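# Sequence first, then the predicted structure, then my questions.
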Amino acid sequence: MNALTLRLRQPIRQRLDMSPFTPRQLAGKGSNEISRIPLWLGNRRVDTGELFSVSGDDPENIVIQSDCDRLDRIGARMAGGLIRVEGCAGAYLGQSMRGGALRVEGDSGIFAGSGMSGGRIDITGNTGDFLGAGIAG
């Protein structure tokens, strides 16, 4: 099996909610079905395939290729598996994560690991404020 790879086609100007991409949520889905998953880009919904080229077939091993710092909530509520980000990650990386591993080969935004209760996050670059902070409220 090859890692499920999402490669951003072009830079985006608005924030993108990446929370639908966790190993558990993608289990049993093929690349065509994954390409149709709706995502919030700012205040509008777009299909994954409009923004990313999707390849591979192993949802337990996800690779996100992007130098865009607007990909928010990567690995949010993740419970297992591996997500590797080749480039930058946005805000709320691994928010409320319970298990698995996140590896960022670049920088991440604010609130990385906020509300995290398990798992591991490795960031090779810099991270924004409030690393590992509690969730507001």
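Perfect, thanks for sending it.
# show me where the protein has strands.
In order along the chain, the chain carries the following strands (DSSP state E): 3-8, 16-17, 38-41, 44-47, 52-55, 58-66, 71-72, 82-87, 101-104, 120-123.
# do you know which of the ones you listed lies nearest residue 23?
The stretch from the strands of the chain with the least distance to residue 23 (C-beta to C-beta) is strand 58-66; that distance is 4.9 Å. From N, CA and C alone the C-beta is placed, and that goes for glycine too.
# Can you list the strands that that closest one pairs with?
Each strand that pairs with strand 58-66, with its direction, by DSSP bridges: strand 3-8 (parallel), strand 82-87 (parallel).
# Using TSV, lay out these together with mean pLDDT, distance to residue 59 and mean neighbour count.
Putting the strands paired with strand 58-66 into TSV (pLDDT from 0 to 100; distance: least, C-beta to C-beta, whole Å; neighbours: other C-beta atoms under 10 Å) gives the following:
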stretch	mean pLDDT	distance to residue 59	mean neighbour count
strand 3-8	97	5	20
strand 82-87	98	10	21
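# What are the buried residues along stretch 55-63?
Buried positions in stretch 55-63, judged by neighbour count with 16 or more other C-beta atoms under 10 Å: 56, 58-63.
# okay if I get the strands of the chain as JSON lines plus distance to residue 94?
Conversion of those to JSON lines gives the following (distance: least, C-beta to C-beta, whole Å):
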{"stretch": "strand 3-8", "distance to residue 94": "17"}
{"stretch": "strand 16-17", "distance to residue 94": "14"}
{"stretch": "strand 38-41", "distance to residue 94": "18"}
{"stretch": "strand 44-47", "distance to residue 94": "23"}
{"stretch": "strand 52-55", "distance to residue 94": "20"}
{"stretch": "strand 58-66", "distance to residue 94": "13"}
{"stretch": "strand 71-72", "distance to residue 94": "11"}
{"stretch": "strand 82-87", "distance to residue 94": "9"}
{"stretch": "strand 101-104", "distance to residue 94": "5"}
{"stretch": "strand 120-123", "distance to residue 94": "5"}
